[in-house]
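Asker: Here is my input, please return the structure:
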Amino acid sequence: MSWDFALIFFVLAVIIPWRGRLRLKKLIAKPQVSSVERIALYASTIAFQWLAVAVVTWRAWVHGYRAAEMGLTAHNTTSLISAAIIGGATIAVLQWLNLRRMGRIPAKSRGVIQAIAERVLPQSTVELLPFLALAVTAGLCEEFLYRGFAMAVLARLGSPVWLAILVSSILFGLAHLYQGRGGFLSTMVIGAVLGSGRMAYDSLVPVIFWHTAVDVVAGMAGPRYLIEKQVVTNETLS
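Answerer: Got it, this is the predicted structure:
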């Protein structure tokens, strides 16, 4: 593996997880997070992800990677669109039901998820719009980084498909390590599903929709089920 690709994998495996945990630690230390701070968080994350994609795209192009190798294809459009819509709708429903289930658990028993919900999830329409932009960005950028670039590099190194899916899923889970052990494991499982979808359809198109669906529902249903009404009121008045 070339030095620049090794550095990119180091950033994905170490720097991004460290950055996520550090940012969450700072947020949890605050008694509450203002609307302006949440919107700034969304904007900075969007900028960081697109910058990461730009750098990775540049280095992949230098090394002669083709768009098709990284899943940037849209052949058999009807099949891809059907998979994107049906899969996205299914995942959205499952995510909604999971959030509703979590909402029935006492807030004190939710651990770090509760802290994340109260400080990160949108709590007004003004916040929801940039959060949705973040959800779309995550669907595009993270799928390119983890299911596009990472899996393409592993494939060129001779990795079997199952190992490429596993490694990319672990990297994806590490990126969400700030959510705790449960968040890491559940995200890794989601990553395996997305990786399998990327290989099954030989394209990132369906999995971009699936990933976006998970984050969109989190932003819309998460506040409803995980944030106490009193907390929302206080944030609105602040």
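
Asker: For the rest of this, base every contact and every neighbour count on C-alpha atoms.
Answerer: OK.

Asker: could you check the distance from the residue positioned nearest the centre of the chain over to residue 98?
Answerer: Per CA atoms, centre = their mean, the C-alpha nearest to the average position across the chain is that of residue 138, at 5.1 Å. Going from residue 138 to residue 98 by CA to CA, to the nearest Å gives 20 Å.

Asker: same check, this time on residue 171
Answerer: Distance of residue 171 to residue 98, given as CA to CA: 23 Å.

Asker: so where is the chain shaky, pLDDT-wise?
Answerer: 229-238 (pLDDT under 70).

Asker: Distance from the chain centre to stretch 181-192, please.
Answerer: Here stretch 181-192 is found 11 Å from its chain centre; the criterion is CA atoms, centre = their mean, to the nearest Å.

Asker: hang on, isn't residue 152 packed against residue 69?
Answerer: Yes. With contact defined as CA atoms under 8 Å, residue 152 counts as touching residue 69 (5.8 Å).

Asker: in the chain, which spans are helices?
Answerer: Secondary structure of the chain, counting by DSSP state H: helices at 3-10, 16-29, 35-62, 77-103, 112-120, 125-142, 150-156, 161-175, 180-201, 205-226, 229-237.

Asker: Give the other helices and strands that the fourth one contacts.
Answerer: Secondary-structure packing of helix 77-103 (3 or more CA pairs under 8 Å, 6 or more residues apart in numbering; DSSP states H and E): helix 205-226.

Asker: let's go with 10 Å and repeat that
Answerer: helix 112-120, helix 180-201, helix 205-226 (3 or more CA pairs under 10 Å, 6 or more residues apart in numbering; DSSP states H and E).

Asker: Same list, the ones you listed, but as TSV with mean neighbour count please.
Answerer: As requested, the helices and strands packed on helix 77-103 are exported to TSV (neighbours: other CA atoms under 10 Å):
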stretch	mean neighbour count
helix 112-120	19
helix 180-201	19
helix 205-226	23
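
Asker: could these go into CSV alongside distance to residue 50?
Answerer: Shown next, in CSV, are these (distance: least, CA to CA, whole Å):
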stretch, distance to residue 50
helix 112-120, 20
helix 180-201, 20
helix 205-226, 15
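
Asker: Ok, which of these comes nearest residue 146?
Answerer: When those are compared by CA to CA, helix 180-201 sits nearest residue 146, at 8.5 Å.

Asker: Thought residue 200 was touching residue 79, still the case?
Answerer: No. Contact criterion CA atoms under 10 Å: residue 79 and residue 200 do not qualify, at 11.3 Å.

Asker: number of nearby residues for the closest residue to residue 49 other than its chain neighbours?
Answerer: Leaving aside its sequence neighbours, residue 49 sits nearest to residue 141 (CA to CA, 6 or more residues apart in numbering; 6.2 Å). The number of residues packed near residue 141 is 22, by other CA atoms under 10 Å.

Asker: Provide a list of residues in contact with residue 141.
Answerer: Residue 141 makes contact with 46, 48-54, 135, 147-148, 208, according to CA atoms under 10 Å, 6 or more residues apart in numbering.
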